[in-house]
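*Asks:* Fold the following, please.
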Amino acid sequence: MTNILILNLGSTSSKIAVYHDLTCVFQTNLVHDQTVTAQSLLEQQMIRQQLIEQTLEHHGYMTCIDVIACRGGLLKPLIGGTYIVNETMYQDLKSFEYGVHAANLSGMIGYQLGQQWQVPVFTTDPVVVDELLDTVRFTGIPGIERKSIFHALNHKAVARRYADEVNIPYEEINVIVAHLGGGISIAAHHYGRVIDVNEALYGEGPMALNRSGTIPNDLLLVYAQEHQLSMDDIRHILSSESGLKAYTGTMDFKTIMSKYDFDHKTTQLIDALVIQIAKTIAERAAVLQGQVDQIVLTGGMSYSQRFVSLLHHYTDWIAPTTVYPGEHEMMTLAERAFKAFHKKININTYC
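*Replies:* The predicted structure follows:
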């Protein structure tokens, strides 16, 4: 039996799990108070690592781990797949050279624990997976290129799941995957590669629960000038204080949808969101030249059957839709680490 520790750290909490082979035997979400999250990520590393170790020891898993699987952080662009978390990756995560995000802590702590326990550490499909066509990188301004930052782990997981269910290799299908959550990323998966996707962090594509989506350039510049916003202020607004949250004051999508039938402003807002998502799905269909086998919806918003039904009205002409609600990160990390540990898949080296 292979004992796998899963680390999935976010800005306010640390999700950890232990799998015996592919069966989850322990899972918890360690929520951190502001005294922790107010510190720099480097300062948080030791605090969170100690809490993770204490939790594992309390539940009797401290001495039995064979392999560690971590959520991927912000690294240099790379192709999708499973990577060994080596010294080079650890240093890039720790330096925050490619961006500051709590996800980096997963690999940083995983690497330290792996060194301590002398076990291998893997990460799969980090958010910086970049398989874009060169032609979709152009923007109209030389020196500014579109980049690939999206929910790669969940995207690849549900695309592979659909391929398995229809008994076709992932490398032989065309699917459009829409991850609908706090951030929204919509990607064209062409024969196992994500050839086009919106940059889901700082504002491209549809608005989301707390992100702005694409904004008219001139109006954004005027808005920033009128409100005397710094570049950091703008980044914060685009990535954390926009979208449905800005209009409704909440990120609880279930609560927002509960008002759809009787609150005119909510109806308009949700209809606008549906149209924005559908338009982006249609863009991906164009990149795939209309050869779309399936549309796959995932993420927290896709739990709402009403919302999914509204979206169907705009996308059914493109392809049928399959829905895998929620996120599938923990199970996917376990599956890929299990296969990597037993040498059933290729293991990539980060360099």
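
*Asks:* How many neighbouring residues does residue 161 have?
*Replies:* 17 (other Cβ atoms under 10 Å). For every residue, glycine as well, the C-beta is placed using N, CA and C.

*Asks:* Distance-wise, check it relative to residue 16.
*Replies:* 23 Å (Cβ to Cβ, to the nearest Å).

*Asks:* Equivalent analysis for residue 330, please.
*Replies:* 9 Å.

*Asks:* Quick check: neighbours shared by these two?
*Replies:* Common contacts of residue 330 and residue 16, defined by Cβ atoms under 8 Å, 6 or more residues apart in numbering, comprise 6, 8, 27.

*Asks:* and the helix or strand containing the last one, how far out from the chain's middle?
*Replies:* Secondary structure assigned from DSSP states H and E places residue 27 in strand 23-31. With Cα atoms, centre = their mean, to the nearest Å as the basis, the distance from the averaged C-alpha position of strand 23-31 to the chain average is 19 Å.

*Asks:* List phi and psi for residue 349.
*Replies:* Dihedral angles phi and psi of residue 349 (degrees, to the nearest 10) take the values phi -110, psi 130.

*Asks:* Verify the stated contact: it with residue 86.
*Replies:* Yes: if you go by Cβ atoms under 8 Å, residue 349 and residue 86 touch, sitting 6.9 Å apart.

*Asks:* follow-up on the earlier one: neighbour count: residue 330 and residue 16, which is higher?
*Replies:* When neighbours are counted by other Cβ under 10 Å, residue 330 and residue 16 differ, and residue 16 comes out ahead with 25 against 20.

*Asks:* Any idea what the more buried one is bridged to?
*Replies:* residue 7, residue 28 (DSSP bridges).

*Asks:* middle-most residue in this protein, spatially?
*Replies:* residue 151 (2.5 Å; Cα atoms, centre = their mean).

*Asks:* Apart from its chain neighbours, what residue comes closest to it?
*Replies:* residue 179 (4.3 Å; Cβ to Cβ, 6 or more residues apart in numbering).

*Asks:* just the helices in this protein please.
*Replies:* 34-37, 41-58, 87-95, 104-117, 152-165, 217-226, 231-240, 243-248, 253-258, 264-287, 305-315, 329-341 (DSSP state H).

*Asks:* Let me have the ones you listed in a markdown table, extended by mean pLDDT and distance to residue 73.
*Replies:* Output for the helices of the chain, formatted as a markdown table (pLDDT from 0 to 100; distance: least, Cβ to Cβ, whole Å):
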| stretch | mean pLDDT | distance to residue 73 |
| --- | --- | --- |
| helix 34-37 | 87 | 17 |
| helix 41-58 | 95 | 10 |
| helix 87-95 | 97 | 5 |
| helix 104-117 | 97 | 4 |
| helix 152-165 | 96 | 11 |
| helix 217-226 | 96 | 28 |
| helix 231-240 | 92 | 16 |
| helix 243-248 | 96 | 23 |
| helix 253-258 | 97 | 26 |
| helix 264-287 | 98 | 26 |
| helix 305-315 | 97 | 30 |
| helix 329-341 | 96 | 13 |
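
*Asks:* Can you tell me who residue 296 pairs with across the strands?
*Replies:* What pairs with residue 296, by the bridge criterion (DSSP bridges), is residue 177, residue 322.

*Asks:* Now do the contacts for it.
*Replies:* Residue 296 touches 158, 159, 162, 175, 176, 177, 178, 321, 322, 323, 324, counting by Cβ under 8 Å, 6+ apart.

*Asks:* Go again with 10 Å.
*Replies:* 155, 158-159, 161-163, 175-179, 187, 189, 302, 319, 321-324 (Cβ atoms under 10 Å, 6 or more residues apart in numbering).

*Asks:* what does residue 41 give?
*Replies:* Contacts for residue 41 were tallied using Cβ under 10 Å, 6+ apart; they are 9, 11, 48, 73, 93-94, 96, 100-105, 108.

*Asks:* and if you look at residue 349?
*Replies:* By Cβ under 10 Å, 6+ apart, the residues touching residue 349 are 83, 84, 86, 88, 89.

*Asks:* Tell me the spacing between it and residue 3.
*Replies:* 24 Å.

*Asks:* Ok, residue 316 next?
*Replies:* 45 Å.

*Asks:* Tell me which of those two has more neighbours.
*Replies:* residue 3 (17 against 11).

*Asks:* roughly how far is stretch 177-188 from the heart of the chain?
*Replies:* The answer for stretch 177-188 is 8 Å, by Cα atoms, centre = their mean.

*Asks:* same thing with stretch 243-250?
*Replies:* 21 Å.
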